[in-house]
Structure formats: C-alpha cells, structure tokens
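Undergrad: need the 3D shape of this:
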Amino acid sequence: MKINCLGGGPGSMYFATLMKKSYPGAEINIYEQNKNDDTFGFGVVFSDKTMEGFRAADEPTYHAITGAFEHWDDIDIYAKGKVLKSTGHGFAGMSRVKMLILMQKRCQELGIKMHFQTRMEPDALRDCDLLFAADGVNSVTRERYKDKFLPNIDFRPNRFVWLGTDFNFPAFTFHFIENEHGLWRTHCYRYEEGMSTLIIECTDETFLKTGLGVTDEAATAKYIAKLLEKYIPGGKVITNRSHWRNFPNITCGNWQFDNVVLAGDAVHTAHFSIGSGTKLAMEDAIALHKAITETGSIKAGLPQYVKDYKPQVESLQRAANVSQRWFEEAERYYHHLDPMQFGFALLTRSLRISHGNLRQRDEKYVGSVDRWFASQAANQSGVNVRTEPAPPPMFTPFRLRDLVLPNRIVVSPMCQYSAEDGMPDDWHLVHIGSRAMGGAGLIIAEMTDVSREGRISPGCTGMYKPEHVKGWKRVTDFVHKHSQSKIALQLGHAGRKGSTRLLWEGYDEPLKDGNWPILAASPLPYKPHSQVPREMTRADMDAVIADYVRATKMAEEAGFDMLEVHMAHGYLLNTFISPLTNKRKDDYGGSLANRMRFPLEVYRAVRAAWPSGKPISVRISAHDWKEGGTEPKDAVEIAKLLKAAGVDIVDVSSGQVVSDEKPVYGRLFQTPFADRIRLELGMPTMAVGGISSYEDVNSILAAGRADLCVIARAHLFDPYWTRHAAYELGWIGADKLAWPKQYDTLNRNYVWRFETAKE
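TA: The predicted structure is shown next:
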C-alpha cells in the first residue's frame, strides 16, 4: 500500500499516523511546501468531547497533545458595559506550532516519510493507492480537479483577522465593543502560558471606515491594541501574517474520485465561531481510516467514507453557518436585546446548544436567565409570575391585546381532511380537545376556508354555512370548559391550490372529477398538470373580501378567542405576495406595495369585523426557496406593512409557494426568519418549523428569537406534549401547570408514581 498526503498539517499527519498503525508495511509520504515549523495563526482550540474521540483513535497523540493543553471551563461575555459569565463548557487550547511538532514526532516514530519545503503538484503524486489531499483553503488539488469535486466557495461579508497577545485570558472571552467606526466582535482564548489568540471580526462597512489596509499588519496591531486597551491591560498585540480576510464557506459536491480524496479545509470549512479547521481535518482522518479498515480496502473505503461521514459534516456546516450569520448580524442583537438575553442568544446561537444543555453545564447561569425572562413576561402580560423558582420560559404567560395565553406553546393548524362540506365533526372535537387538555397555551384550528370554492379539498373545514357556527362552537366550548387553553381559527382561501384530493389520496393532486373553478393572482397552475386558475378581477376580490368578513363574524359567534389570516404556503393571498406567482400588470402586481395591496385589504376588512380586544395573527412565507421569490429580507418588509396595518403577531413559516422549490430543511430552520422580523421591527413573532423538543422552545424564547413556538408533528405524536414537557422540567402541580380537575390526583401524586414505575 502506498499513500501520498499533500499538505503537512494536522489532517495529513493524523491520517498517516492512523493508517501506519493499521498497515505497518504501507509506504506513506507527506509533502509540505513550507518549513516544518512555519505556520500562520497562533493557537488551536478543542472541546473535551472532541478529545475523547482523539483518545480512542491514537492514545500517544492524545497524551502528547493534552499534555500541552491550557484548559478552561468558563466563557466571559463583555457587552454594553456588563460582564456575563457562564461555566462548565470544557475547552482546551494549545500552540499550533507546538501541535505540529508533536504530531511530526509521532509520524517519525512510525516511519512515515515527511518532505518539507517540497512543492508538489497533485498530478505528480497520483501514482499511488491513495492521494490524501489536505492542502488547505487554497487547495491546488481542488482547483486542478474542480470538474470532479464541484466546489462552491462563498466568501462571507464580514472581515476578520488573526492576532496574538501576551495577555493571559482567564476564560474564553467574547468582547462586543462599539466605537466611532462600528461594532467589533472578538473571540479570545489562552493557548499557552503568556499567549492568547485574538480573532477580531467586524462588518465590511466598519472595516472600511477605519481606513486600515488589508495587509498593513503594523497599523492593524496599533488599532486593535487601542480598541482592547482596557481589556488586555499591559498586553501587546502580536501579528503573524495577520491580514484582513473574508471567511470562505467551502463545500464540494464530490469529495473523492478514483484514488484522490480531499480533506480538511480543502473540501469543507466551518466558521471559527463553532470550531476549528484543525479539529475537522483530524476527524476527517479518523472517519476515512475507519471506513478503509472496516471495508478492508481503499477502493471500497472511499465511497463508504463519503456516504457515512459527509452528512455529519454537512450538518456541522449548517450549524456553523447559523453561528456565522449570528456574528455577521450581531448589530441586530447588540442593539435590540438586553445584555442578559444577548448573552444567552450568543451561547445558543448555533441552535445546537439548548437551554437544557446550558442548564446541565451551568444551572446557576440558566437560573438567572429564567428569572430575568419571568420578570419580563410579568411586565408584558400584566400577570404575576413567580421568580423563585422561575418557570421555564415556555411556561410564562403572553398577552395579545386582551387575550392572555397561559404559556408559550401553540398547536399548529394542521389540516385533517375529515369534514363534510366544511362541517367539523367528532374527529375535530377530539383532535383539538385532546391537545387542549394536553396543556398547550393556544390551539390554532386548521385552515378553515371562507367559501366552498376556497377549500383545498372536499374534506377541508369551512366557515361559510350557518351550521358551521354550531359545529365549531361545540369545539370551542369544550376547550374553554375543560382546559386553560385559548383557541384561534385560521381563515384561508386555497386559491390555485384548491380543488385537490385528500392528503392520503395524493398531496396537491387535482381531483379526478368534480373539480370546481379556482382563483389566483395570475393564471399560473401550481404544478404543470394542475388546474389553471382564473386571474382574479376586482369583482372577484370584492366577493372574497365579503367571504372573509362573513367568516370573521361567524368565528366570533362560534366563540374563538383569536383569528389567524393565512397569507402563506401558496394559497390565494400568498399568490399576490410572491413575485413568482403574481405577474399582474395592474395596481395589484409589480412592487411589493402593490402585491400586498389585496392581502392588506382582506386583513383590514377582517380586523374591522373582529372585536377590538381580540388579536389577529397573520401567517407568512418568509422564504419561497426559489430564485426570484420572496427572501428573508423581503419578509421583513412584508411584516412591516402588516404591523402598520395593526397585525398583532406574525406566524413566520416559509415555502410551499411553488412546486419546484428547493428548501433547506434542518432543526429550527425557520426560526432565524422569526428572529429577524422580531428584532428589526420590534414585532411579536411565532416560530414554526423543525421545533420538536421543549429545550428548543426554551432556547428560542429565552434568546428572544420569537414570542411563541408553534409545534405541529410533535403534537400529532403526543397530544400531551406540553404536559410531558412540564413533567420533565419539574413544572407539574396545582400551582404550576395543573391537570384538569377530573385528573386532580395527578397534581398530587403523578411524579412519585411515575418515578416508581420507571424504577
């Protein structure tokens, strides 16, 4: 076996080490164009969790590295004149040069051949069983074979620079410092006695205001020394190829071809705010070694490596991208959040670290966050909220006009396709009633159509016949009598997505027969084979507005506490809003103001017909997930118009606007859209999408990303989701989240019996 490694960094050396251990007879060469101790940067940082994986892979390397570590558990956050401290995080750092020397020594012990100051082209190294190319961000291999690897490099807008200082930081430290040029972010950590890394980051606008040159290291050091003078007393700022750069987000469609594989920064990057390239490169080495040894050959191991490991890296990159965007948009959080909430938002910025994770690490810190949040909830709702102990954020009240929700959990409107001519029946009573008994603060009944022609399918509920009022009142009466939940009705019109089959008969597929005429902003079918809608006339608009007004008055008669107007997901009102579906040439097409004209007419008519003390929300699609469609920045403008019209809260969803969308799904994938609207406009929002755990909910709320959390599938699986969350969080009882009086015994003995059963 012959292996050539291009690039002499930790990734290549670690892979060579692992392979030489498993295949002692293998010939392994490492080629590096620089000297053995020539490196940019200062320190590298690892988490305790990462090091356990390294220990299992190669104990000698693990012991050599950890023996040189500087450890810390604390994170200090300096912002707005406050210092926030959190502990229990478990990190360690060391000198990058020292790490290279230690890993070189291990390679030499194993007989691996290392060639420094040797520049090699990848073509010259392919005469082997495997070319392991870990040749960095500016990978020659990736560029040489770009038609094979299909790379994408996205240079992000913020500027950053790597510096060092002889100041000893006692903890991993973030500074947010505002001066005449703008807001600066620092990432600082000690990597050996008397030396720390400084990563300084700012927006491009801030950097340009300074007048600094990209490569002027002396001027940069002088400027940063002044910026940090009160934070590094007596410390000096040190440079080492410290040029201002834009971070490159690198992805590759393919990671290997034939006998060539990319690794480390050559194939993927993850922003420094969530981890290090060194860590990722070494984990690449572990994963590839594992695939080769388990399959028994390089040929079989390469595709297995990509299949098993690439999804893990892509998941990490998604988290890193979320964290990166948080720092890119730090001004939004810095200027709109209280220091306590700002600190929590920073620590949970990747959406992978939750309220529960932090509580396990630092119960005292999270307790202080919960007490702060409870006091804010009391002020907002006008309801007394205990602070000792403080409730988890999800169990605090929230006010919308005269309506006070007992907690922040919302059951998402989910179509059941079980009505006859719009009439709710026993299914709807049990479906909604069970979720109300399950403890959610607000139940939003499924999209209920304002006319027979406005239904998605023949099984959709409606509010267009007098009998519907009685059917819905049976549901609202149960909710009000037997739970503390409030109930809202989502009013909608299917538009071009109407006249389709029941969900289980074909999603968004047109009816086989019995179709009814459908309307839209423009005569564009949802799918190529879908029914073509008629472009709405002014007379059609007037008729639809009248339908909404009638349904609104009926909803009040039926006893609903709140309304939601559906302006998302490609239904009628959304076809006006999205530029992908609105091609009109009149006053209702073109600019966003024009495209919003009819949806706002509908909303204003509904608001005028609805009691002034009862709130109305609007659901929007904040992202169409197709080029040329609505994007998050547009969603802010949409929400601004809704706020000006008097909308109380925006339910921020996305997609389902066009059939050829390409959404990027993931945990909490729509939460950043709600976050942006809430902070930029000071407008209450609901977050929805990919929220499945109560720890996610508490994180979203405590970080100020949304005011309410809308849960769909988890409530289908578990109608008592909110009560089970209360149990897990210790918030069950008569003075907390009380069970209905019929189940009163659970308020007194439930925890004891449940624990006994588990034992």
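
Undergrad: quick one: the strands in the stretch 251-400 of the chain?
TA: Secondary structure of the stretch 251-400 of the chain (DSSP state E, counting those that start in this stretch): strands at 256-257, 260-262, 398-400.

Undergrad: no, scratch that, I was asking about the stretch 101-250 of the chain
TA: 113-115, 130-133, 151-165, 172-179, 182-192, 195-202, 237-238, 245-252.

Undergrad: distance from the fifth one to the middle of the chain?
TA: So that's strand 182-192. Relative to its chain's centre, strand 182-192 lies at 24 Å (CA atoms, centre = their mean, to the nearest Å).

Undergrad: and E283, how many neighbours?
TA: E283 has 23 neighbouring residues, counting by other CB atoms under 10 Å. Heads up, the C-betas are built off the backbone N, CA and C, glycines and all.

Undergrad: list the residues that contact it.
TA: Applying CB atoms under 8 Å, 6 or more residues apart in numbering, one finds that E283 lies in contact with 50, 53.

Undergrad: how about the nearest residue to R119, chain neighbours excluded?
TA: Q33 (4.3 Å; CB to CB, 6 or more residues apart in numbering).

Undergrad: likewise for A79?
TA: F176 (4.4 Å).

Undergrad: who's that neighbour bridged to?
TA: A79, R185 (DSSP bridges).

Undergrad: as CSV, the strands of the stretch 101-250 of the chain with distance to R474 would be great.
TA: As requested, the strands of the stretch 101-250 of the chain are exported to CSV (distance: least, CB to CB, whole Å):
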stretch, distance to R474
strand 113-115, 79
strand 130-133, 68
strand 151-165, 54
strand 172-179, 54
strand 182-192, 55
strand 195-202, 58
strand 237-238, 71
strand 245-252, 53
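
Undergrad: could I get those as JSON lines with distance to G471 and mean pLDDT?
TA: Listed next are the strands of the stretch 101-250 of the chain as JSON lines, based on distance: least, CB to CB, whole Å; pLDDT from 0 to 100:
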{"stretch": "strand 113-115", "distance to G471": "78", "mean pLDDT": "97"}
{"stretch": "strand 130-133", "distance to G471": "66", "mean pLDDT": "98"}
{"stretch": "strand 151-165", "distance to G471": "52", "mean pLDDT": "98"}
{"stretch": "strand 172-179", "distance to G471": "55", "mean pLDDT": "98"}
{"stretch": "strand 182-192", "distance to G471": "55", "mean pLDDT": "97"}
{"stretch": "strand 195-202", "distance to G471": "57", "mean pLDDT": "98"}
{"stretch": "strand 237-238", "distance to G471": "71", "mean pLDDT": "98"}
{"stretch": "strand 245-252", "distance to G471": "52", "mean pLDDT": "98"}
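
Undergrad: now render those strands as a markdown table, adding mean neighbour count and distance to P424.
TA: A markdown table is the format used below for the strands of the stretch 101-250 of the chain (neighbours: other CB atoms under 10 Å; distance: least, CB to CB, whole Å):
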| stretch | mean neighbour count | distance to P424 |
| --- | --- | --- |
| strand 113-115 | 16 | 74 |
| strand 130-133 | 27 | 62 |
| strand 151-165 | 18 | 48 |
| strand 172-179 | 18 | 51 |
| strand 182-192 | 21 | 52 |
| strand 195-202 | 23 | 54 |
| strand 237-238 | 20 | 68 |
| strand 245-252 | 17 | 47 |
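
Undergrad: of the ones you listed, give the one that comes closest to W731.
TA: Closest to W731 of those, according to CB to CB: strand 172-179, at 31.5 Å.

Undergrad: closest to R496 out of the strands of the stretch 101-250 of the chain?
TA: If we rank the strands of the stretch 101-250 of the chain by CB to CB, the stretch that ends up nearest is strand 151-165, at 33.7 Å.

Undergrad: and the closest one, C-alpha only, in PDB?
TA: Extracted C-alpha coordinates of strand 151-165, given in PDB (Å, rounded to 0.1, in the frame of the first residue of the first chain):
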ATOM      1  CA  PRO A 151     -16.500  23.100  -5.300                       C
ATOM      2  CA  ASN A 152     -18.600  26.100  -4.200                       C
ATOM      3  CA  ILE A 153     -16.800  28.900  -2.400                       C
ATOM      4  CA  ASP A 154     -18.900  31.600  -0.700                       C
ATOM      5  CA  PHE A 155     -16.900  34.400   0.700                       C
ATOM      6  CA  ARG A 156     -18.800  35.900   3.600                       C
ATOM      7  CA  PRO A 157     -19.300  39.600   4.100                       C
ATOM      8  CA  ASN A 158     -17.600  40.200   7.500                       C
ATOM      9  CA  ARG A 159     -13.900  40.900   7.800                       C
ATOM     10  CA  PHE A 160     -11.700  39.100  10.300                       C
ATOM     11  CA  VAL A 161      -8.000  39.000  11.300                       C
ATOM     12  CA  TRP A 162      -6.000  36.500  13.400                       C
ATOM     13  CA  LEU A 163      -3.800  38.100  16.000                       C
ATOM     14  CA  GLY A 164      -2.000  37.100  19.200                       C
ATOM     15  CA  THR A 165      -1.400  38.800  22.600                       C
END
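
Undergrad: returning to that earlier point: highest mean neighbour count out of the strands of the stretch 251-400 of the chain?
TA: When you average the neighbours per residue for each of these (mean count of other CB atoms under 10 Å), strand 260-262 leads with a mean of 26.

Undergrad: quick one: average confidence on it?
TA: For strand 260-262, mean pLDDT rounds to 99.
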